[in-house]
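Peer 1: curious how this folds, go ahead:
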Amino acid sequence: MSDGPPPPLPSPADEQRRIEAVRRYQILDTPKDGAFDRVASLAARIFDAPFASVAIVDSDRVWIKAVHGLDDLSEIGRHPGLCASAIARSVPYVVPDTLADAHTRAHPLVHGDLGIRFYAAAPIITADGQQLGTVNVLDRRPRQATDDQLAALEDLAALVMAELERHLSAIRTIAVERALRSDAERLAQALQRALLPPALPPVPGLNAAAAYHTASPDEVGGDFYDLFPLDDGRWAFFLGDVCGKGADAAALTSLTRYTLRAAAIYDPDPCAALANLDSVLKGEYQGSSPRYCTALFGVLQPEPDGSFTVAVAGGGHPPALVLRRDGTVDVLVTTGGQLIGLLPDPRFAQVSTTLAAGETLLLYTDGLTEARTADGAMLGEDGLTAHLTATDWSGADSLLAVLHKLLAELGTGVTDDTALLALSVPAKPVPPAQELR
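Peer 2: Here you go, the predicted model:
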């Protein structure tokens, strides 16, 4: 992971394949993006360094997609030694002192006005092994990088790659839909799918299920959810709802999901993750109409007895429910949490509980509780709780089937999208009765 002899230059055919991969993602010369800028900012904070960037290496230049501390830098020549050399490696590349390294001392960023003395980069690698660019950290003083810092830098590079895949997926979806002259309903459905994880990852000892119910088939909503692993064996999850509908809501949803995942790398504390998102939304929409959201962010800690400790923080969102094995429903009250991205100094409320065998955690957006029943009244949190306690179900998938049926029965009373996320600990099997002797 450190400096050393430079790897051999790629063959012209290999370099051509890499450039084709860069072109495939259609990211060069695109406008600044708050999500990528956030990665650069997090990289700088993790290393306590003044400069960081997300860079894509083109055929004759290094194009800067996002920067921290390098606001006037948009691209540089493809000089060997730093980013142009880092993409030849599949692991982080570190130069503790650029002036002491023959491969870097001639680089313009080293002998120029910036006087860069330290460089660390993690490659942004496609699924088929093509290095598109790097997430970089730079400093004016020689220094070392820790293993934890380099691991975090690799995680950030992986997040950038995931965002590029989503970017490519959206481009392809739109191109196909336009080619087929699809109507607004099909386009909206495709965009909605692009804003949600294609599938939830398997969690050892836990059953997870999610669903998204659209109220209007030709309009993109702003509900979102996700579930992903943390490095220490814990799992993070979130669910929320952004303001508005359509393209603006879709952009805000993408930024919100990406920010929460990136924030969890830096500090997975639930309140800290929501505070991080609040800062990003305020910075991204500064000077324009405020854009805000509600959300729940939680962390699951597996315990030796098979249960899970759950910590959940809320920002203006309906509370999560815990469906206990005795048939009761506990409300995880986070009503002290305030809207995210709107207030000058919002507060976020956190609560903890234990999820034992046979118990399920349910998160939902307000499209469910604000749905109207046959008599015109809102279902409400009390109505939802009453329905759950009066209905037979078992586990996450069964619970979402019950709620899908409820939404179908409410029909036109459902006027807003609904996102659902259920996490259940399987019930322990009951041992067979011993035979009488």
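Peer 1: quick one: the helices in the stretch 301-437 of the chain?
Peer 2: For the stretch 301-437 of the chain, the helices defined by DSSP state H, counting those that start in this stretch occupy 366-369, 380-389, 395-410.
Peer 1: off-centre distance for the longest one?
Peer 2: Here helix 395-410 shows a centroid-to-chain-centroid distance of 26 Å under the convention C-alpha atoms, centre = their mean, to the nearest Å.
Peer 1: OK, contacts around the nearest residue to T334 once chain neighbours are set aside?
Peer 2: Nearest non-adjacent residue to T334, counting by C-beta to C-beta, 6 or more residues apart in numbering: G314, 2.8 Å away. Heads up, the C-betas are built off the backbone N, CA and C, glycines and all. For G314, the contact set (C-beta atoms under 8 Å, 6 or more residues apart in numbering) comprises L274, T294, A295, L296, A320, T334, T335, G336, G337, F348, A349, Q350.
Peer 1: for those residues, give me JSON lines that also has neighbour count.
Peer 2: As requested, those are exported to JSON lines (neighbours: other C-beta atoms under 10 Å):
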{"residue": "L274", "neighbour count": "31"}
{"residue": "T294", "neighbour count": "21"}
{"residue": "A295", "neighbour count": "31"}
{"residue": "L296", "neighbour count": "27"}
{"residue": "A320", "neighbour count": "25"}
{"residue": "T334", "neighbour count": "24"}
{"residue": "T335", "neighbour count": "12"}
{"residue": "G336", "neighbour count": "12"}
{"residue": "G337", "neighbour count": "27"}
{"residue": "F348", "neighbour count": "23"}
{"residue": "A349", "neighbour count": "20"}
{"residue": "Q350", "neighbour count": "19"}
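Peer 1: farthest pair within these?
Peer 2: T294 and Q350 (15.2 Å; C-beta to C-beta).
Peer 1: got a list of contacts for stretch 393-402?
Peer 2: Around stretch 393-402, the neighbours that count as contacts under C-beta under 8 Å, 6+ apart are 207-211, 323, 360, 362, 387-388, 391, 420, 422-424, 426-427.
Peer 1: which parts of that stretch are buried?
Peer 2: Of all the residues in stretch 393-402, those buried under the rule 16 or more other C-beta atoms under 10 Å are W393, G395, A396, S398, L399, L400.
Peer 1: tell me which of those residues is nearest to S254?
Peer 2: L400 (24.1 Å).
Peer 1: against A199, how distant is that closest one?
Peer 2: 14 Å (C-beta to C-beta, to the nearest Å).
Peer 1: and L321, by the same measure?
Peer 2: 24 Å.
Peer 1: packing partners for the longest helix anywhere in the chain?
Peer 2: Counting residues, the longest helix in the chain under DSSP state H turns out to be helix 147-179. Where contact means 3 or more C-beta pairs under 8 Å, 6 or more residues apart in numbering; DSSP states H and E, helix 147-179 is packed against helix 34-47, strand 118-125, strand 131-139, helix 184-194, helix 246-266.
Peer 1: specify the angle between the shortest one and strand 131-139 in degrees.
Peer 2: When you say that, I think you mean strand 118-125. Orientation note: strand 118-125 sits at an angle of 160 degrees relative to strand 131-139 (axes from the mean of the first three to the mean of the last three C-alpha atoms, to 10 degrees).
Peer 1: buried residues of the longest helix of the chain, list them for me.
Peer 2: Of all the residues in helix 147-179, those buried under the rule 16+ other C-beta under 10 Å are 149-157, 159-161, 163-164, 166-167, 170, 173, 177.
Peer 1: before we move on, what about stretch 341-355?
Peer 2: So for stretch 341-355, counting by 16+ other C-beta under 10 Å, buried means G341, L342, P346, F348, A349, Q350, V351, T353, L355.
Peer 1: end to end, how far does it reach?
Peer 2: Start-to-end span of stretch 341-355 (C-alpha to C-alpha, to the nearest Å) is 31 Å.
Peer 1: and the contacts of that stretch?
Peer 2: Contacts to stretch 341-355, defined as C-beta under 8 Å, 6+ apart, come from residues 270-271, 274-275, 277-278, 281-282, 285, 290-293, 300, 303, 307-315, 322, 330, 332-340, 361, 423-425.
Peer 1: ok, of these, which come out buried?
Peer 2: 270-271, 274-275, 277-278, 281-282, 285, 291-293, 300, 307-308, 310-315, 322, 332, 334, 337-340, 361, 423-425.
Peer 1: export stretch 254-274 as PDB, just CAs?
Peer 2: Provided in PDB are the C-alpha atoms of stretch 254-274 (Å, rounded to 0.1, in the frame of the first residue of the first chain):
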ATOM      1  CA  SER A 254     -30.500  10.300  -4.200                       C
ATOM      2  CA  LEU A 255     -28.400  12.800  -2.200                       C
ATOM      3  CA  THR A 256     -30.000  11.800   1.100                       C
ATOM      4  CA  ARG A 257     -29.400   8.100   0.600                       C
ATOM      5  CA  TYR A 258     -25.900   8.600  -0.500                       C
ATOM      6  CA  THR A 259     -25.100  11.000   2.300                       C
ATOM      7  CA  LEU A 260     -26.500   8.700   5.000                       C
ATOM      8  CA  ARG A 261     -24.400   5.700   3.700                       C
ATOM      9  CA  ALA A 262     -21.300   7.900   3.500                       C
ATOM     10  CA  ALA A 263     -21.900   9.400   6.900                       C
ATOM     11  CA  ALA A 264     -22.100   5.900   8.500                       C
ATOM     12  CA  ILE A 265     -18.500   5.200   7.400                       C
ATOM     13  CA  TYR A 266     -17.300   8.300   9.400                       C
ATOM     14  CA  ASP A 267     -19.600   7.900  12.400                       C
ATOM     15  CA  PRO A 268     -22.500   5.400  12.500                       C
ATOM     16  CA  ASP A 269     -24.000   7.000  15.700                       C
ATOM     17  CA  PRO A 270     -27.700   7.500  14.700                       C
ATOM     18  CA  CYS A 271     -28.000  11.100  15.900                       C
ATOM     19  CA  ALA A 272     -24.600  12.000  14.300                       C
ATOM     20  CA  ALA A 273     -25.800  10.500  10.900                       C
ATOM     21  CA  LEU A 274     -28.900  12.600  10.900                       C
END
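Peer 1: quick one: buried residues of that stretch?
Peer 2: Going by neighbour count (16+ other C-beta under 10 Å), the buried part of stretch 254-274 is 254-266, 268-274.
Peer 1: do stretch 124-137 as well
Peer 2: I124, I125, T126, Q130, Q131, L132, G133, T134, V135, N136, V137.
Peer 1: can you give me the end-to-end distance of that stretch?
Peer 2: Stretch 124-137: ends 14 Å apart by C-alpha to C-alpha.
Peer 1: and stretch 316-328, by the same measure?
Peer 2: First residue to last in stretch 316-328 (C-alpha to C-alpha) measures 24 Å.
Peer 1: where are the low-confidence patches of the chain?
Peer 2: Along the chain, the parts satisfying pLDDT under 70 run over 1-9, 176-195, 217-220, 287-288, 335-336, 429-437.
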